[in-house]
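okay, predicted coordinates and the sequence, questions at the end:
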Amino acid sequence: MTAIIEAQGVSKWFGEVVAVNNLNLSIESRITGLLGPNGAGKSTLIKLALGLYAPSRGEIRVFGSRPRNNNAVMRRIGYCPETDYFFENTTGYEFVYWLNRYWGMSRRDARRAAEAACELTRMTERMHDPITAYSKGMRQRIKIAQALASSPELLFLDEPMNGLDPRGRDEMYALIQALADAGMAVVVSSHILYEIERITDNIVLMYRGTLLAQGQLHDIRGLIDRHPHAIRVESRQSCAISKDFLDLPDVTRLEFEENALVIRTREPNACYALLNDMARKNEGLIEGITCSDDNLQSVFDYLTR
Amino acid sequence: MPIYTNTYRQYDGQPRHRFRWLVVVEQELKTLAKFRVFKLLCLAAFLHIIVRLLQIVAYDVLAQDPNNPLQLIFANLDVVEIKASTFFGFLYLQTSVMFIILLYSGAGMICNDVRNNLMEIYFSKPLTWVDYALGKIMTLVLLGLSITALPGVLLVGLHNLLLPGMETLQASWWWPLSIMAYSLLIVIPAALCILACSAQLPSQNYATITIIMALVADSSLAGLLAGLLRQRNFLGVSFPLALRRIGEVLFKDTRVLFTLSWHWCLLFVVAVTLFALFIVLRKVRREEIAQ
């Protein structure tokens, strides 16, 4: 499979701030998750691929060509930005329509494409309402509609789940899958691992402007599994609970907090099984369990340690 | 219908490559047309045109008809007479309305796009910074010309239609050229200065206030200099009066306010216009690069 996006030694800096640092990357898969905490350089990488930024050093190619000032490449790309402040005086439909016209469609095509895109993102009923009256989720959808309207081959979604309710998220996951199944390459950026896990196995991990890891999610998980996981158990009887974990061979450390116990283990499944048993035998003993490793920052902490 | 049952379709139309700036003009004008204030301002501009139209009818029809009982009144009224300075007067008065309309339309044109992060969406489409800048400038220029040059030339045409003959044609053949030239001279600098303020300032209100304050300051300075140095030619420092001086020359108006050579006034107007154009282009270009 040929690479859709190829970056070779790409760096981008703004004054003294290095947003992307010597990035070598090749994206080939249909859906790619771009993961990283805020400030990792995800949005900068997307804008470099869109041709909105010129690399300070190195080269980035999309569909084999440089995207900067390249209308032929730009026409093949759809972009849904992170921010959601748009035209103040237009409706959602008009917003999509005018951007279609900017893309180069005729009036009739722009109308049809805007209606189809609104339908695809379930905005048909509210598409003639002013954008100022939209909820955050609706703004998110109309933003995605404008990106989809020109039927791009490559779609960049910058934090697309922001502001969506659980149902909206489920629909967005399904939409992304449907678009990928129909032949569109989708790059989704997020700082939430769980969101990306739901839609793809192919992830690109970025941290402070550098590429931390790229590949299948289970490979990266494997890297993480070499490090102890942290499980936080909320309970008023944390001392009592801790006794049973002392016997587990893979538990490396137990930490006591106020009404909570933090278990650090290389074998989290054994701990979860034990916690399940405890919860079943003694109702009310465990008030809550959180695995801090689900938090992306922990993943980055492991990988950057 | 659940969204995942919809299918994704490739766009099979042919994208248009040329005159993309026209889409920007179309969008801006359609958006402006939604506002009641904008419609009211256009109506105000239109009312003045109606008054001038009545003046032409009064002079060309009533004043020329010896059988009409009103002929004596209109034939002896100097203000009704149609001459080159009539159109200069029309444009001079129309300038204020034109300026207010352009200020209302253009003060937020660039700053609102920047504030609302629209630039990155615009430039992620195959729209160049030149298309964008040209679209914004042309919107204001066309808007301004539609209430100055267009009615002016049409009124000259009407005058020739109502009072046909070689004498009228000989007297008025150059009027449309003067109207066009003067209209461009008042519209282009106004449009560019307003857009320059919009490009440099964070909001529509700031841009509006700044441009009004700049005009007041400029006119006050001209008045002060002329008064203190007892030299009326310093009135040419005032941008509106510099334009007026050029207008006097273009329309061969004998009521001269000051005698400063029109070349200096034209140089002043061109310098301000080019500076404003530079600011607009630089800002849009920087946005395109930075985005």
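Received the coordinates, thanks.

quick check: closest non-adjacent residue to A:Trp13.
Excluding its sequence neighbours, the residue lying closest to A:Trp13 (Cβ to Cβ, 6 or more residues apart in numbering or on different chains) is A:Ser56, at 5.1 Å. Glycine gets a C-beta too; all of them are placed from N, C-alpha and C.

look up phi and psi at that neighbour.
Here is the backbone geometry of A:Ser56 (degrees, to the nearest 10): phi -70, psi -30.

that one contacts A:Ser11, correct?
Yes: here A:Ser56 reaches A:Ser11: they are 5.2 Å apart, a contact under Cβ atoms under 8 Å.

those two: which is more packed in?
Between A:Ser56 and A:Ser11, counting by other Cβ atoms under 10 Å in any protein chain shown, A:Ser11 is the more crowded of the two (19 against 15).

for that one, what are its contacts?
By Cβ atoms under 8 Å, 6 or more residues apart in numbering or on different chains, the residues touching A:Ser11 are A:18, A:20-23, A:55-58.

contact residues of the stretch 1-150 of chain A facing chain B?
Residues of the stretch 1-150 of chain A that fall close to chain B, judged by Cβ under 8 Å from any Cβ of the partner chain: A:47, A:50-54, A:69, A:71, A:74-75, A:77, A:79, A:81, A:83, A:85-90, A:98-99, A:101-106, A:109, A:113, A:116, A:119-122, A:146, A:148, A:150.

can you tell me which residues contact B:Leu62?
Applying Cβ under 8 Å, 6+ apart to B:Leu62 gives the contacts B:68, B:70-71, B:74.

distance of it relative to B:Leu54?
Computed as Cβ to Cβ, to the nearest Å, the B:Leu62 to B:Leu54 distance reads 10 Å.

cool, and A:Ser29?
Distance from A:Ser29 to B:Leu54, counting by Cβ to Cβ: 73 Å.

same deal with B:Ala63?
Computed as Cβ to Cβ, the B:Ala63 to B:Leu54 distance reads 12 Å.

ok so, going back, show me just the buried residues among the residues of the stretch 1-150 of chain A next to chain B.
When the residues of the stretch 1-150 of chain A next to chain B are checked for burial by 16 or more other Cβ atoms under 10 Å in any protein chain shown, the buried set is A:47, A:50-53, A:71, A:74-75, A:77, A:79, A:81, A:83, A:86-87, A:90, A:98-99, A:101-105, A:109, A:113, A:116, A:119-122, A:146, A:148, A:150.

before we move on, the earlier item: so between A:Ser29 and B:Leu54, which is more surrounded?
A:Ser29 (18 against 11).

quickly name whichever of the contacts of B:Leu62 is closest to A:Asn202.
Distance to A:Asn202 across the contacts of B:Leu62 (Cβ to Cβ) is lowest for B:Phe74, with 84.1 Å.

quick check: residues of the stretch 51-200 of chain B near chain A?
So far as Cβ under 8 Å from any Cβ goes, the stretch 51-200 of chain B lies against chain A at B:112, B:115-118, B:120-128.

using PyMOL, define a selection of the buried residues within those residues.
Entered in PyMOL, the line below selects the buried ones among these, by 16+ other Cβ under 10 Å:
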select buried, chain B and resi 112+116+118+120+121+122+123+124+125+126+127+128
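
for the residues of the stretch 51-200 of chain B next to chain A, which one is nearest B:His263?
Distance to B:His263 across these (Cβ to Cβ) is lowest for B:Thr128, with 36.1 Å.

what about B:Thr273, neighbour count?
If you count neighbours by other Cβ under 10 Å, B:Thr273 ends up with 18.

I'd say it and B:Ile194 touch.
No: B:Thr273 is not in contact with B:Ile194 according to Cβ under 8 Å; the separation is 11.9 Å.

which residues in the stretch 201-305 of chain A form helices?
A:217-225, A:238-246, A:268-281, A:296-304 (DSSP state H, counting those that start in this stretch).
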